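In: Let me see the structure of the following:
(one chain, ligands or ions: 2)
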Amino acid sequence: MSHADELFCSMCRDIIDNGTTTEGELVRPHWEDGSPAYTVKRFGVVNRYDLRREFPAITLRRTALKSAMDEVLWIYQRKSNNVGDLSSHIWDSWADENGSIGKAYGYQIGQVTHYPEGDFDQMDKVLYDLEHTPFSRRIITSTYTVGDLPEMGLYPCAWSVTYNVTQEPGNPRPTLNMVLNQRSQDVLAANNWNVCQYAILLMMMAQVSGMEAGELLHVIADAHIYDRHVPLVEELIERPQYPAPKVSLNPAVTDFYDFTVDDLVVEGYEHGPQVKNIPIAV
Ligand SMILES: Nc1nc(=O)c2c([nH]1)NC[C@@H]1CN(c3ccc(C(=O)N[C@@H](CCC(=O)O)C(=O)O)cc3)CN21
Ligand SMILES: O=c1ccn([C@H]2C[C@H](O)[C@@H](COP(=O)(O)O)O2)c(=O)[nH]1
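Out: Ligands and ions are numbered 1, 2, ... in the order given. Predicted structure coming up:
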């Protein structure tokens, strides 16, 4: 069974058994029929995934790895805030009539800052620092620009990424690790989706920097299960588990901007049936 399954099941069990409810409180999200979308939540969930051990996809149900990669490329490579540049429709409910989600995600990653070493947007600065000063403790992207929040369709949930390099003795290549900071997590709809996205981002950044992908540390402030998801989660976490799939990237790609979803190679992904029609709180 995959380690990601074990972490996912124990996190869900802990949220349902030991979490607190927001029922009766003033909450922002609502269901399609207009009723408030309450959650059972746990504050401060931290999960660690070692990519050297296995790729962190759950097998209880299928995580759409190519769609997840497409969204991460939309943000960090295409630096777009328009749903027209995304192959899935997952962001449509938060876009305006022109397809824009405002000054969120990709818009922030594309902002250029003047440094003594040159002008860089957020991603180009990470790539530059990983090449020139890989042991810097300042290699971070952040989309939570406070002054721009009123102009965002939805405030960024997975909002900051810290890259950190270690040199293991005897390993010819340095190890690239990542901390993903997330303020809010819809555990059923998007937990493994987000984990796999950032695992793929870590693999891409390691490959183009000549490093080995190491650990992904996922720090979640508010890990929640929506009220209408609780029975779905109860069923999901009782399912059989399988070994993790083997996930790799086309080794020929050496430039971050050349990756496409076709460069993601997924082998032996055995999984349970899809949970159909998960309602998404808007
Ligand atoms: N309440 C809520 N939960 C979220 O997870 C969420 C939001 N809102 N708002 C913005 C984005 C949209 N997100 C989503 C929305 C839907 C899927 C989803 O339905 N995923 C499918 C696969 C989709 C595909 O194949 O392209 C799945 O089965 O996981 C994933 C992420 C994450 N975010
Ligand atoms: O990548 C994502 C994007 C969004 N979410 C979830 C987390 C929450 O359930 C909603 C956002 O609502 P807020 O009231 O702004 O917290 O979207 C996610 O899990 N992952």
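
In: From here on, just use CA atoms for contacts and neighbour counts.
Out: Noted.

In: Centre-most residue in this protein?
Out: Nearest residue to the geometric centre of the chain (CA atoms, centre = their mean): Asn194, 2.7 Å.

In: Return the residues of the protein in contact with ligand 1.
Out: Residues of the chain lying close to ligand 1 by CA under 6 Å from any ligand atom are Thr63, Ala64, Ser67, Ser88, Ile90, Trp91, Asp186, Ala189, Ala190, Ile280, Ala281, Val282.

In: residues touching the third one, list them.
Out: I take that to be Ser67. When contacts are counted by CA atoms under 8 Å, 6 or more residues apart in numbering, Ser67 is found next to Ser87, Ser88.

In: Make sure I have this right: it is in a helix.
Out: Yes. Counting by DSSP: H, G, I helix; E, B strand; the rest coil, one finds Ser67 located in a helix.

In: And the pLDDT at it?
Out: At Ser67, the model reports a pLDDT of 98.

In: go on, the fifth one?
Out: Turning to Ile90, the model gives it a pLDDT of 94.

In: next one: the second one
Out: In the prediction, the pLDDT value recorded for Ala64 is 98.

In: do you know how far it is from Lys103?
Out: For Ala64, the distance to Lys103 (CA to CA, to the nearest Å) stands at 26 Å.

In: any residues touching stretch 132-143, and which ones?
Out: Residues outside stretch 132-143 that contact it (CA under 8 Å, 6+ apart) are 104-105, 108-109, 122-123, 126, 129-130, 156, 159-166.

In: phi, psi of Glu54?
Out: Main-chain torsions, Glu54, degrees, to the nearest 10: phi -170, psi 160.

In: remind me which residues of the chain are low pLDDT?
Out: For the chain, applying pLDDT under 70 flags no range at all.

In: could you pull out the strands for it?
Out: With strands called from DSSP state E, the chain shows them at 20-21, 39-50, 112-115, 118-121, 140-142, 158-166, 175-186, 212-226, 246-249, 264-267.

In: Pull the residues that contact the last one.
Out: Defining contact as CA under 8 Å, 6+ apart, one finds that strand 264-267 is touched by Lys66, Pro245, Lys246, Val247, Ser248, Leu249, Asn250.

In: thinking again about what came up before, so for Ala64 and Lys103, which residue has more residues nearby?
Out: More neighbours surround Lys103 than the other of Ala64 and Lys103, with 23 against 13 (other CA atoms under 10 Å).

In: burial count for the closest residue to the more buried one other than its chain neighbours?
Out: Spatial nearest neighbour of Lys103, chain neighbours left out: Met152 (5.1 Å); criterion: CA to CA, 6 or more residues apart in numbering. Residues within reach of Met152, counting by other CA under 10 Å, total 18.

In: beta partners for Met152?
Out: Taking DSSP bridges, one obtains Gly102 as the residues bridged to Met152.

In: show me the contacts for Gln197.
Out: By CA under 8 Å, 6+ apart, the residues touching Gln197 are Leu65, Ala68, Met69, Glu71, Val72.

In: and Arg183, how far is that from Gly106?
Out: Counting by CA to CA - Arg183 and Gly106 are separated by 18 Å.

In: So if I had to pick from the two, which one is more boxed in?
Out: For Arg183 versus Gly106, the count of surrounding residues by other CA under 10 Å is larger for Gly106: 24 against 18.

In: For that one, give its distance to ligand 1.
Out: Between Gly106 and ligand 1 the computed distance is 14 Å (CA to the nearest ligand atom, to the nearest Å).

In: Am I right that that residue is in contact with Tyr76?
Out: Yes. Applying CA atoms under 8 Å, one finds Gly106 in contact with Tyr76, separated by 6.2 Å.

In: before we move on, the earlier item: give me the buried entries from the residues of the chain next to ligand 1.
Out: Neighbour counting with 16 or more other CA atoms under 10 Å marks Thr63, Ser67, Trp91, Asp186, Ala189, Ile280, Ala281 as buried within the residues of the chain next to ligand 1.

In: will you turn those residues into JSON lines that also has distance to ligand 2?
Out: Formatted as JSON lines, those follow (distance: CA to the nearest ligand atom, whole Å):
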{"residue": "Thr63", "distance to ligand 2": "14"}
{"residue": "Ser67", "distance to ligand 2": "13"}
{"residue": "Trp91", "distance to ligand 2": "9"}
{"residue": "Asp186", "distance to ligand 2": "4"}
{"residue": "Ala189", "distance to ligand 2": "7"}
{"residue": "Ile280", "distance to ligand 2": "8"}
{"residue": "Ala281", "distance to ligand 2": "7"}
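
In: If anything else comes up later, I'll come back, but that's it for now.
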